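[1] no sequence for this one, just the structure:
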């Protein structure tokens, strides 16, 4: 349906000129490059082979042609999808589904409707806009477009589907054209409605091709939450994200879990099983398909997903009983599918803060237990007690807090072999009872019970009674919680109640257990439900304080409509969610009769193409300029820049991978292509300059005197720079320098372990010896503590440092302190026979610590003159010379290791060679 | 005369300082280069005129009786001749092309040909000085001498700015009879003058070595497209529509030039090599040193 039109098509004739241009352009040779070249002497006299060598390359020509063509076409004003509207006639009926499925693209729908109404206004046609979820009872009212336009704002989608429209169809009369904005879902009566419209005039259906997504209510299956998502129509493979939303501990709503669901290609439903810890599960409020604004994509959760924690306690039974006689057997059976059951001693059960505690025939509690239990109930707990022989036999205080009524000691037996009476049945539940609406099975019989003392409050505390009026279940509020007493046992000993379905229903009504997933009218019969929150069509949850109560039977139908809005309904402690999508819902696309026209929702806007085409022309011309320059060889000086740009372009997409910047690489190459001495930056600029000058001076002396020819010294930042390139690190210690980070220490330790040498210079040998006597000494200790430094000793007189190049016994710098420390020799070092030194450790000392301020003694200016004064007169110069010799020995030691020690073996080796 | 700034003491000193600023760098480079070569090369090691004893050899026919060392001969039955180690000092004249063509370099990472030539010459001078030879610079007519002062003189001469001409050629006027000579140039100019000089030098018993210093670009001719080539002074130019097509013929001519130089060197008993500026200077220096050394023996 796409078309192109031109505002000034005559300009297109200029395209004819392109071939002429082609011919013209190819004749122009490129400008020559002027080049100085000594070899020209050999060129004189040579002739060019071809005369036609200077053609503009065809691709450059093509580029220029394209640029020109783009410019010409651009100026002729092309427009994509030009407007072509045919005015219609007669009244126009705009029908909208207005359902939850329309909500996701409501703004587009309204835009379309506004366009239709505006068009009708221009054509002078009467219009009516009808939402099928809220149809006007007397049929569509056709009005002028202006009036309708003003009322359009009030049209809103509803969170339910259109109801039964057969009656409304009958109100249609007369001829009109229909435009139906469908939500794309098939429902009963669709075809009939379409026929009715078709009978009145032409019908156009507007449908979005995007699939409708919906989420069915979550179910509890095998300990997991099962979710099913539906879509219509089924299409290609698609992933959707479902968020589970609920309050966090502070009460604010947030996403508790997020899961991805996958629609297989062609499948219209996707399923997933979500496993959540019960703590999170109990906090769930709703599930949402993320990114879809529609009530169908939201599913509220209710009690069906909640798993209460219930503690079961039985009296101490010392006799062995079979399972069926166990007081907890039936309770377990009734609760285990819908609640988490804890069976533990009372102390531990209370720690787990259960929702309810059930006592099966526990009569006596210690005072402490009573107190804790009373506190727990007062804070909102529910204590359910079942009677039994022990309860019957026990004596309770008058004001026993944990019993709803006072019990007469002994109980009674009404239908046993030794009694006169018949077993008693249950009386129907009264209206105030939470059990109201439950049918009482006839086969429930009670043969024994505990009996309450008559009391003024007895009647109001009774919520179920026997046919003779004696209470069967009594209840009393205690603080915020309640205490409930079943006057019979929890097993089948005293009554058949635990064997009946009523038992489960009663537990459920008491919100002790939770209901199974499906609501039945019977379950809800006789109850009234108040909406706590309702969903609007966009899936937003709103408070609903003003809505009237809903009878349980209506709620049980599960079909939301104007009367029963989808939302969360509460009655007593129970919550039931009414969702837009029911568990058995099916989404199906509509099959429209052949007589109607079906359109997409989107309208193709007229798009002027002039801008993009002119931009293209400009870009092509820019490329042409660069290409021409390149052809003419003028791009040479920029070659580096171009290569850089290309590199940059290549590097950009994989920025994450590129770890090293070009500067770092250059630095690494600089540091490794020659021997480089390095010093640690202290942050004190002056001191760093001294270090640099010192190492530069030492490098110069090495260059002059030895075959070691170091390059310029490097400054090293411990935090950022790689250390492994440098054989030696000179580290002047200042009080103010920052302590390196953990990473830097790790790097330093690695450096020391792999053969590096750090020279620590405290520069204070003039005022103090080695140790913590000086501030820098203390700083050194602090700095060096995390370092992996071996045991130290002052340089022994036979250390290899004393003879690696010069023979030295003193190691002065600017100061002539004696103490210079290196790694201690191993204890088993032996004196070598006939030689004045021992066979010492095989490696290089990893640290050298002193305070002689060597850098100052080494420092030279660019003319080779010393920068700092050392000592006085000739003696000072001698000291400087020794300092330099020490520096040379040091570097030699680092570079050659124990080579000089090995010299002792030379006589032996020569001896062997001689033989 | 007083007014000429070049000859006033102040002007002279100004120029000297200008030269001296670059001099230590050049000198250092040359020293460094020379230091690398001297390793492994020791002395002359052959019999000749000199003071040091070299060896005894059995007397042969033709030896005069004066040559016989009687003390040695008395210890055996044959006569021996006592030979001295050859110590005669040689004069070596260096000529370094200082024409504009030598200022060319094809890449920023390479030194100019002229720089390489100067470094080579100076390094050779350092070596010769160490070896006790006399050496001079033919460019300026510096007579051959030895010593650090001569080194300094040569270095400062080498630092003088390039000449005006596009191409240079050696001249034989200042070559002392029987001396040795080293010509360092690109030899891209008119070869006839070089050939003339070489023949005349050979006539005077001068032998030596030619070092042709070339930039890699001159060897590869990596040009294409419409180009106007100019000499370094810009005095002459040559235009081509497609430089790439000329490459083969240019290379042929270059090869012919090299062959010509090699042939003339062979005929006059000189030695010839080509050195490229992207190769280490050490190679050329080593070659030069051995070339002179070997030549001295013949």
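    On my side now, so go ahead. Only a predicted model underlies this, so the values are computations on that prediction, with no experimental measurement involved.
[2] quick one: low-confidence parts of chain B?
    Counting by pLDDT under 70, chain B has low-confidence residues at B:1-28, B:35-52, B:85-89, B:172, B:293-298.
[3] Go again with 50.
    B:1-7, B:38-43, B:295-298 (pLDDT under 50).
[4] can you list the domains in it?
    B:24-42+B:89-297, B:53-84 (automatic domain parsing).
[5] Output those domains in CSV, with mean neighbour count and distance to residue A:804 appended to each entry.
    Yep, even glycine has a C-beta here, placed from its N, CA and C like the rest. Listed next are the domains of chain B as CSV, based on neighbours: other Cβ atoms under 10 Å in any protein chain shown; distance: least, Cβ to Cβ, whole Å:
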stretch, mean neighbour count, distance to residue A:804
domain B:24-42+B:89-297, 19, 22
domain B:53-84, 12, 39
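[6] which residue is nearest the centroid of the chain?
    No chain in the question, so chain A it is. In chain A, the C-alpha nearest the mean C-alpha coordinate belongs to residue A:258, at 8.8 Å (Cα atoms, centre = their mean).
[7] hmm, I had chain B in mind actually
    Short answer for chain B (Cα atoms, centre = their mean): residue B:182, at 3.0 Å.
[8] For residue A:856, see how far away it is.
    47 Å (Cβ to Cβ, to the nearest Å).
[9] now do residue A:139
    Taking Cβ to Cβ as the measure, residue A:139 falls 105 Å from residue A:856.
[10] Can you give me every residue that contacts residue 218?
    Here I'm looking at chain A. The neighbourhood of residue A:218, defined by Cβ atoms under 8 Å, 6 or more residues apart in numbering or on different chains, consists of A:225, A:226, A:227, A:274, A:287, A:299, A:301, A:304, A:305.
[11] Can you look at chain B instead?
    A:37, A:38, A:39, B:104, B:106, B:186, B:188, B:254.
[12] Residue A:106: what secondary structure?
    helix (DSSP: H, G, I helix; E, B strand; the rest coil).
[13] Was I right to think it contacts residue A:158?
    No - counting by Cβ atoms under 8 Å, residue A:106 sits too far from residue A:158 to count as a contact (11.3 Å).
[14] Have a look at those two and say which one is more surrounded.
    Ranked by neighbour count (other Cβ atoms under 10 Å in any protein chain shown), residue A:106 and residue A:158 place residue A:158 first, with 25 against 18.
[15] Are we agreed that the more buried one is in a helix?
    No - according to three-state DSSP, residue A:158 belongs to no helix; its state is coil.
[16] wait, it sits on residue A:534?
    No - contact between residue A:158 and residue A:534 fails when scored by Cβ under 8 Å: they sit 11.3 Å apart.
[17] picking up where we left off before, the contacts of residue B:218 into TSV, with extra columns for distance to residue A:390?
    Supplementary listing: the contacts of residue B:218 in TSV, determined by distance: Cβ to Cβ, whole Å:
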residue	distance to residue A:390
A:37	118
A:38	121
A:39	120
B:104	117
B:106	111
B:186	122
B:188	124
B:254	121
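[18] Just those: which are in helices?
    In this view, the contacts of residue B:218 that belong to helices under DSSP state H are residue B:254.
[19] ok, of the contacts of residue B:218, which one's closest to residue A:893?
    Taking Cβ to Cβ as the measure, residue A:893 lies nearest residue B:106 of the contacts of residue B:218, at 44.6 Å.
[20] Could I get the contacting residues of the closest one?
    B:215, B:216, B:217, B:218.
[21] Residue B:135: what secondary structure?
    Three-state assignment for residue B:135 (three-state DSSP): strand.
[22] Buried residues, stretch A:557-577. List them.
    Counting neighbours by 16 or more other Cβ atoms under 10 Å in any protein chain shown, one finds that the buried residues in stretch A:557-577 are A:558, A:560-561, A:564-569, A:571, A:574-577.
[23] First-to-last residue distance for that stretch?
    One end of stretch A:557-577 to the other measures 12 Å (Cα to Cα, to the nearest Å).
[24] show me what contacts the residue of the stretch 51-200 of chain B found nearest chain A?
    Scanning the stretch 51-200 of chain B for the residue nearest chain A gives residue B:101, at 3.7 Å (criterion: Cβ to the nearest Cβ). For residue B:101, the contact set (Cβ under 8 Å, 6+ apart) comprises A:38, B:113, B:166, B:167, B:168, B:186, B:188, B:189, B:231, B:232.
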